[in-house]
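1. Kindly generate the corresponding structure for this input.
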Amino acid sequence: MAAPIPSLFFLIILGLLVGQSSAIKFLLQSSRYPAPKCIWNPVHNNALVIVTANVGPGDNQQVDIEIVDSTEQKNVYLSKRNVSGETRLAVTSHAEGEIGVCFKNTVKSGVTHEQSIKLKRIIDLDVDIGAEAVDYNAIANQESLSGLETEMRKLEGLVKEIQDEMQYLKKREERFTGTNVSTNDRVQNFAWFTIISLTALGIWQIMHLRSFFKRKYLID
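-> Down below sits the predicted model:
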């Protein structure tokens, strides 16, 4: 009966690799025309992302939050202005890549430049992605699940994420393999083109020199 333990341990380790959670705390400088400060995290397509931002107090400052992705379209998932205190935001990614939580700290009117330099707000950011973002306690309360059923639901979600991760890695491997095969074919074609071109050039040079020597009566 001790055999399933390594398998369960293996699933837990893979789950830690699949489900992502990151926390960071930093000071956000204020400005009249602030540039966004973005915290980026890698995500897969159709992944649940829970953003918990705790914005510290600060007078004459307005903090805005925007959640975007790294695609060419720069999709904006959610935008919230004048955030203060703890804010919890939930979005679902639309593509493979990275998702960014961007902050702007704008100084309100009537504040001088010298004063604005001293104005900062503390941001405590926690980003949960995938399995880490699912609130299984809320699901258990809603569906009246027992402790064992809740753990089984967690394992079910974990296995699904592992399958999605494996499928993603398989697609990447196929894409890289196709790129390698295509590059190898191009290199071979270029090599054959170079050989044929050099051979043709050598034959032309020999014929040209032979014709030149005949005109000079150096050879028959």
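
2. Residue 123 against residue 26, yeah?
-> Yes. Applying C-beta atoms under 8 Å as the test, residue 123 and residue 26 come out as touching, 5.6 Å apart. C-beta: built from backbone N, CA, C; applies to glycine.

3. and the two? which has more neighbours close in?
-> Neighbours were tallied for residue 123 and for residue 26 using other C-beta atoms under 10 Å; the higher tally belongs to residue 123 (22 against 14).

4. Neighbouring strands of the helix or strand harbouring the more buried one in the sheet, and parallel or not?
-> Per DSSP states H and E, residue 123 falls inside strand 120-129. If you go by DSSP bridges, strand 120-129 pairs up with strand 20-29 (antiparallel), strand 48-55 (antiparallel).

5. need those strands in CSV with distance to residue 61, can you?
-> As requested, the strands paired with strand 120-129 are exported to CSV (distance: least, C-beta to C-beta, whole Å):
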stretch, distance to residue 61
strand 20-29, 9
strand 48-55, 9
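
6. Switch the ones you listed over to TSV; also include distance to residue 131 and mean pLDDT.
-> Shown next, in TSV, are the strands paired with strand 120-129 (distance: least, C-beta to C-beta, whole Å; pLDDT from 0 to 100):
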stretch	distance to residue 131	mean pLDDT
strand 20-29	9	82
strand 48-55	9	90
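
7. Of the ones you listed, which is nearest residue 106?
-> With respect to residue 106, and counting by C-beta to C-beta, the nearest of the strands paired with strand 120-129 is strand 20-29 at 10.5 Å.

8. From the chain's centroid, how far away is the next helix or strand after the closest one?
-> Proceeding N to C from strand 20-29, the next assigned helix or strand is strand 37-43, under DSSP H and E. Offset of strand 37-43 from its chain centre (C-alpha atoms, centre = their mean, to the nearest Å): 7 Å.

9. Show me this protein divided up by domain.
-> 4-161, 182-220 (automatic domain parsing).

10. Does residue 87 have any beta-bridge partners, and if so which?
-> Per DSSP bridges, the residues bridged to residue 87 are residue 53.

11. Which residues are in contact with it?
-> With contact set as C-beta atoms under 8 Å, 6 or more residues apart in numbering, residue 87 has these partners: 52-55, 65, 80.

12. Can you go through the residues you listed and name the buried ones?
-> The neighbour-count test (16 or more other C-beta atoms under 10 Å) marks 53-55, 65 as buried among the contacts of residue 87.
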